[in-house]
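Student: got a sequence here, can you build the structure:
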Amino acid sequence: QVQLVESGGGLVQAGDSLRLSCAASGRTFSWYALGWFRQAPGKEREFVAAISRSGLTTDYTESVKGRFTISRDNAKNTVHLQMNSLKPEDTAIYYCAAQSVTGDSYVVPGNIYAYWGQGTQVTVSS
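Tutor: Numbering: from 1, shown residues only. Predicted structure coming up:
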């Protein structure tokens, strides 16, 4: 089992940057593919970014490509989401998620992930 705790959310203005972090405890961190998801008020949860076990492979939803960067530090059991050029439409609760995988792959579908954090609020004002 893996426990995930997000941090780093806040209230920023359009164009600003934020760095979200997710600290993991429990089983071997490097066994897990990791992802970031978000849920805006009145909307369904959506995929934001994913990273493979080694960190060598990543994927992003189209709307954040070029602005967000996912990274992980397996020595420190953390995954980060660097968010630049934030827009009001990025406002949401952001969740990190973990799923054990056998190869060095990443996972996109949210319903595949077994472990989730409690979320951190990101609010971007215009």
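Student: strands of the chain, residue ranges please.
Tutor: Using DSSP state E, the strands of the chain run over residues 2-7, 10-13, 18-26, 32-39, 46-51, 58-60, 68-73, 78-83, 92-100, 115-116, 120-125.
Student: so which of those is the most packed in?
Tutor: Most buried of the strands of the chain, by mean neighbour count (mean count of other C-beta atoms under 10 Å): strand 32-39, with a mean of 25. Yep, even glycine has a C-beta here, placed from its N, CA and C like the rest.
Student: just to check, residue 31 is in contact with residue 99?
Tutor: No - contact criterion C-beta atoms under 8 Å: residue 31 and residue 99 do not qualify, at 9.6 Å.
Student: tell me which residue lies nearest the centroid of the chain.
Tutor: Centroid-nearest residue in the chain: residue 36, 2.2 Å away (criterion: C-alpha atoms, centre = their mean).
Student: and it, what does it touch?
Tutor: Listed by C-beta atoms under 8 Å, 6 or more residues apart in numbering, the contact partners of residue 36 are 20, 22, 48-50, 70, 79, 81, 94-97.
Student: make it 10 Å
Tutor: Listed by C-beta atoms under 10 Å, 6 or more residues apart in numbering, the contact partners of residue 36 are 6, 20, 22, 47-51, 60-61, 64, 68, 70, 79-81, 83, 94-97, 117.
Student: for it, give me the pLDDT.
Tutor: Here, the pLDDT recorded for residue 36 equals 98.
Student: from residue 49, how far out is the spatially closest residue to residue 32 that is not a sequence neighbour?
Tutor: Sequence neighbours aside, residue 98 is the residue nearest to residue 32 in space, at 4.2 Å (criterion: C-beta to C-beta, 6 or more residues apart in numbering). As judged by C-beta to C-beta, to the nearest Å, residue 98 and residue 49 stand 13 Å apart.
Student: dump the residue contacts of residue 111.
Tutor: By C-beta under 10 Å, 6+ apart, residue 111 lies in contact with residue 45.
Student: let's see 8 Å
Tutor: With C-beta under 8 Å, 6+ apart, residue 111 has no contacts at all.
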